[in-house]
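>>> Quick one, what's the 3D model for this:
(one chain, ligands or ions: 1)
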Amino acid sequence: MLSSEDNDRLTRVGPGTPMGELMRRYWIPAGFAHHVATPDGQPVTDAVITVDGDMPQHGHGLPTRPQVTKHLGNGDYLVEGLKFQMGGWWVVDFTIDANGKHDTVRFNMILK
Ligand SMILES: [Cu+2]
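Next up, the predicted model:
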């Protein structure tokens, strides 16, 4: 069982705390602009995009819920809030629903 001091050390993540510094060092915020188009190249302006990710070797997901924060026009969407709490192999799925169609784009990423 953890001592009260060890418990505090592991659970406090504010600025200046050891765990807070560790967490901030490995959180990598990322924003992506996505272009969605039909197979013949026409921009899709009413897509609903959801983003989810996980580390297959660790059995955990993202620490955040990324989402579309802005429709940039011409089929472009800004996705923000994607954060990775550690390096390693990540699988990130972008699911796109538009005009009654459904598609998923999977990215395998190795973060160092
Ligand atoms: Cu992990």
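
>>> in the sheet, who's paired with the residue nearest to the spatial centre of the chain?
A centroid search over the chain (C-alpha atoms, centre = their mean) returns residue 82, at 3.0 Å, as the residue closest to the centre. For residue 82, the beta-bridge partners under DSSP bridges are residue 30.

>>> My guess is it contacts residue 92. True?
Yes: the criterion here is C-beta atoms under 8 Å, and residue 82 meets it with residue 92 at 7.4 Å. In this view, the C-beta of every residue, glycine as well, is placed from N, C-alpha and C.

>>> Around the ion, pick out the residues from this structure.
Neighbours of the ion within the chain, by C-beta under 5 Å from the ion: 55, 58, 86.

>>> Skipping adjacent residues, who's closest to the second one in space?
If the residues on either side of it in the chain are set aside, residue 58 comes closest to residue 88, at 7.1 Å by C-beta to C-beta, 6 or more residues apart in numbering.
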